[in-house]
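# here is a sequence with its predicted model. Questions after.
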Amino acid sequence: MKKSENATKSAKKNVFHTCLGRSGYAALEPLVPLIWSQLVPVYKHLKTIQD
């Protein structure tokens, strides 16, 4: 089966190969500090894994 041109172009743009997929983790990466700072006050145990 041949890959489509669009799929090939998209695959070449992917930088974080291990973190990509349908979950969209790569798109969330810039937002992690913002999200994390909102989660820590609610879930105190997260401070232990923060570092």
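Happy to help now that I have it. Residues are numbered from 1 along each chain as shown.
# what sits against the closest residue to Leu39 other than its chain neighbours?
In space, not counting the residues next to it along the chain, Leu39 is nearest to Leu46; the distance is 5.9 Å by CB to CB, 6 or more residues apart in numbering. Every residue, glycine included, has its C-beta placed from N, CA and C. With contact taken as CB atoms under 8 Å, 6 or more residues apart in numbering, Leu46 is in contact with 36, 39-40.
# ok, Leu46 to Glu5 distance?
Distance of Leu46 to Glu5, computed by CB to CB, to the nearest Å: 43 Å.
# next secondary structure element downstream of the worst-scoring helix or strand of the chain on mean pLDDT?
Sorting the helices and strands of the chain by mean pLDDT, DSSP states H and E puts helix 25-28 at the bottom, at a mean of 70. Counting by DSSP states H and E, the element after helix 25-28 in chain order, helix or strand, is helix 32-39.
# pLDDT of whichever helix or strand comes after that following helix, averaged?
Counting by DSSP H and E, the element after helix 32-39 in chain order, helix or strand, is helix 46-50. Model confidence over helix 46-50, given as mean pLDDT, is 79.
# okay, now the unreliable bits of the chain?
When residues are selected by pLDDT under 70, those of the chain lie in 1-3, 15-24, 26, 50-51.
# kindly recompute the last result at 50.
Low-confidence regions of the chain, defined by pLDDT under 50, span residues 1.
# returning to what we had before: redo the contacts of Leu46 as a markdown table? Include distance to Tyr25.
Formatted as a markdown table, the entries for the contacts of Leu46 read as follows, by distance: CB to CB, whole Å:
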| residue | distance to Tyr25 |
| --- | --- |
| Trp36 | 14 |
| Leu39 | 16 |
| Val40 | 20 |
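# so can I have a markdown table of the residues you listed showing distance to Leu28 and neighbour count?
Formatted as a markdown table, those follow (distance: CB to CB, whole Å; neighbours: other CB atoms under 10 Å):
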| residue | distance to Leu28 | neighbour count |
| --- | --- | --- |
| Trp36 | 11 | 11 |
| Leu39 | 13 | 11 |
| Val40 | 17 | 13 |
